[in-house]
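>>> Test case, fold it:
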Amino acid sequence: QVQLVESGGGLVQAGGSLRLSCAASGDPFSTSTMGWFRQAPGKEREFLAQIRWTGWDIHYGDSVKGRFTISRDNAKKTVYLQMNSLKPEDTAVYFCAAAPTGKAFEYWGQGTQVTVSS
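The predicted structure follows:
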């Protein structure tokens, strides 16, 4: 089983950057596909990015392509989301998730709040 804890959220002005981290404990992390999602008040959960355990085979949601970058460090059991050129519409709770078989995201963190002011 994998436990996930996000950090790095906060308040930032539009145009700024934040780097989210997701620390994992338990197994299997190193062979899991890891993903980032977000949910704004009154909206459905939105897929942002995912990365295979190899560090390759990366996919992004359309709303963040070119602005967000996902990466992982298997030795540290941590996945990152670098967020640049932030917009007020990026305001949401951000979650990381793990898909041990590379299919369904079975494990979720508690989320970290990101607020972008205009």
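
>>> Leaving aside the residues adjacent along the chain, what's closest to V5?
A23 (5.0 Å; Cβ to Cβ, 6 or more residues apart in numbering). C-beta coordinates here come from the backbone N, C-alpha and C atoms, glycine included.

>>> so that neighbour bridges to which residues?
Beta bridges link A23 to V5, T78, judged by DSSP bridges.

>>> partners of the residue nearest the centre of the chain in the sheet?
With distances taken as Cα atoms, centre = their mean, the chain has W36 as the residue nearest its mean C-alpha position (2.7 Å). With DSSP bridges applied, W36 shows beta-bridge pairing to A49, C96.

>>> quick one: contacts for it?
The contact partners of W36, by Cβ atoms under 8 Å, 6 or more residues apart in numbering, come to 20, 22, 48-50, 68, 70, 79, 81, 94-97.

>>> and those residues as JSON lines, adding pLDDT, distance to K103 and neighbour count?
Output for those, formatted as JSON lines (pLDDT from 0 to 100; distance: Cβ to Cβ, whole Å; neighbours: other Cβ atoms under 10 Å):
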{"residue": "L20", "pLDDT": "98", "distance to K103": "24", "neighbour count": "24"}
{"residue": "C22", "pLDDT": "97", "distance to K103": "19", "neighbour count": "26"}
{"residue": "L48", "pLDDT": "98", "distance to K103": "18", "neighbour count": "25"}
{"residue": "A49", "pLDDT": "98", "distance to K103": "17", "neighbour count": "21"}
{"residue": "Q50", "pLDDT": "97", "distance to K103": "11", "neighbour count": "21"}
{"residue": "F68", "pLDDT": "98", "distance to K103": "23", "neighbour count": "21"}
{"residue": "I70", "pLDDT": "98", "distance to K103": "18", "neighbour count": "23"}
{"residue": "V79", "pLDDT": "96", "distance to K103": "17", "neighbour count": "28"}
{"residue": "L81", "pLDDT": "98", "distance to K103": "21", "neighbour count": "26"}
{"residue": "Y94", "pLDDT": "98", "distance to K103": "22", "neighbour count": "24"}
{"residue": "F95", "pLDDT": "98", "distance to K103": "18", "neighbour count": "22"}
{"residue": "C96", "pLDDT": "97", "distance to K103": "17", "neighbour count": "30"}
{"residue": "A97", "pLDDT": "97", "distance to K103": "12", "neighbour count": "23"}
